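Novice: structure for this input, please:
(one chain, ligands or ions: 1)
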Amino acid sequence: MPAHFTQTIALVTGATNQIGHFLLPRLQAAGFRVIAISRAPIPPSAQGIMWQQLDLNTQALPPVAPSILFHLAPLSLLPKLLAELPNPLPIQRVIAFSSTSCFTKVSSSDPKEREIVQGLNDAELALAKVCSERQIAWTVFRPTLIYGAGKDKNISFIAQFIQRFGFFPLLAGGEGLRQPVHADDLAAACVQAYAEEATYNRAYNLSGGQTLSYREMVEGVFYSLGKPPRIISIPAQLFKLGVKIARNLPRFQHLSPAMLDRMNQDLCFDHKPATDDFGYRPRPFHASDLGLSPKPVNLLRPKSKQNAG
Ligand SMILES: NC(=O)c1ccc[n+]([C@@H]2O[C@H](COP(=O)([O-])OP(=O)(O)OC[C@H]3O[C@@H](n4cnc5c(N)ncnc54)[C@H](OP(=O)(O)O)[C@@H]3O)[C@@H](O)[C@H]2O)c1
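Specialist: Below you'll find the predicted structure:
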């Protein structure tokens, strides 16, 4: 740990998500005392971590000083939390996560997605403003599609679908290019960047280490599950109808017909500025490293019953 951050506490909001899964041990290994924040009670895996159960919609950040904040929770919560910090400021540095959805979903056919984009853009601007007013050095990371801890709604969902139905449907060829990024590479980016002054008051797009088509990504999931790829091309109208019906089931509520439009679009971002400024070098997408749960999930059962069973 660089000298000026010795004795600094790492505050991690959104500690239960897929980036937090890898970031907490990385921060401990880097010598930080770690305070993890979540609405959930302390999990058995949180050894050596101080756990604070807080709802950041209504409760303030703990004023522990000096601290660095790694904000993995929704970005929209952050500007208000920073504006309300007491003086003298306990937090000297913030790394927060936005998303490349800011660019890829800006003209989505789904109004909900456009609303999310607006929310992210507004939050990024508000974060820069409050940090400039309060003189906190900020960095925003905008990842592409995240995978690696078995907690995502992309790769893990594809895997669960394949395990349940034995095939995966694609619109036309599924030729759109993707750069899935491993959650552990994002956790590493946090540790690489926090002390690098070149990263202060800047945003970076963080894509994964390999560019592949949506179809190749799905094939990778089949291989990871030890199955030969069975991909079926479905006509657009039929696919959209299927998604509309499936959205009535809890496990499919995150699906949107707009996702189908994107299956054949390239969603690619250059991460060279991050490599130049703090040595970001994400791994390639590999079937052996998808973090998938070996236990098949029944997508047709409600989530609560799954958890209970
Ligand atoms: N998933 C992707 O592919 C993707 C792609 C690009 C960017 N991102 C961005 O990357 C970050 C991580 O994404 P993710 O998909 O791993 O996680 P996520 O599902 O967005 O994680 C949200 C986290 O925030 C916490 N949280 C939510 N509301 C809270 C509240 N009121 N008070 C306290 N904690 C709260 C949740 O923790 P508890 O439920 O434990 O409280 C959870 O750990 C997010 O900023 C996301 O926007 C994600």
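
Novice: what is the neighbour count of K272?
Specialist: As a burial measure, K272 scores 11 neighbours (other C-beta atoms under 10 Å). C-beta here means a position set from N, CA and C on the backbone, and glycine is covered the same way.

Novice: burial measure for L292, as a count.
Specialist: Using other C-beta under 10 Å, L292 has 21 neighbouring residues.

Novice: L171 versus the residue lying closest to it once chain neighbours are set aside, what's the distance?
Specialist: In this structure, L292 finds its nearest non-sequential neighbour in A159, 4.8 Å apart by C-beta to C-beta, 6 or more residues apart in numbering. As judged by C-beta to C-beta, to the nearest Å, A159 and L171 stand 19 Å apart.

Novice: what do you get for A10?
Specialist: Distance, A10 to L171, using C-beta to C-beta: 42 Å.

Novice: higher neighbour count, the two?
Specialist: The neighbour comparison of A10 against L171 (other C-beta under 10 Å) goes to A10, with 27 against 21.

Novice: for whatever helix or strand the more buried one lives in, which strands pair with it and how are they oriented?
Specialist: Using DSSP states H and E, A10 sits in strand 9-13. Applying DSSP bridges to the sheet, strand 9-13 is found paired with strand 33-38 (parallel), strand 67-71 (parallel).

Novice: and the contacts of it?
Specialist: Contact with strand 9-13 is made by 20, 23-24, 27, 32-38, 56, 61-62, 64-73, 77, 91, as judged by C-beta atoms under 8 Å, 6 or more residues apart in numbering.

Novice: all helices for the stretch 1-150 of the chain, in order.
Specialist: Secondary structure of the stretch 1-150 of the chain (DSSP state H, counting those that start in this stretch): helices located at 18-29, 78-83, 101-104, 111-134.

Novice: which stretch among the strands paired with strand 9-13 comes nearest Y147?
Specialist: Y147 lies closest to strand 67-71 among those, at 19.6 Å (C-beta to C-beta).

Novice: the inter-axis angle of that closest one versus helix 18-29?
Specialist: On the basis of axes from the mean of the first three to the mean of the last three C-alpha atoms, to 10 degrees, strand 67-71 is oriented at 160 degrees to helix 18-29.

Novice: what's the mean pLDDT across strand 67-71?
Specialist: Regarding strand 67-71, the rounded mean pLDDT is 97.

Novice: thinking again about what came up before, mean neighbour count added to the strands paired with strand 9-13, as CSV?
Specialist: Listed next are the strands paired with strand 9-13 as CSV, based on neighbours: other C-beta atoms under 10 Å:
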stretch, mean neighbour count
strand 33-38, 22
strand 67-71, 25
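
Novice: possible to save these as a markdown table with distance to the ligand?
Specialist: Shown next, in a markdown table, are those (distance: least, C-beta to the nearest ligand atom, whole Å):
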| stretch | distance to the ligand |
| --- | --- |
| strand 33-38 | 3 |
| strand 67-71 | 8 |
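
Novice: CSV for those, including distance to S293?
Specialist: Below are those laid out as CSV (distance: least, C-beta to C-beta, whole Å):
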stretch, distance to S293
strand 33-38, 21
strand 67-71, 25
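
Novice: among those strands, which is nearest K129?
Specialist: The nearest among the strands paired with strand 9-13, by C-beta to C-beta, is strand 67-71 at 15.7 Å.

Novice: could you check the angle the closest one makes with helix 111-134?
Specialist: Using the same axes, to 10 degrees, one finds that strand 67-71 and helix 111-134 are set 170 degrees apart in direction.
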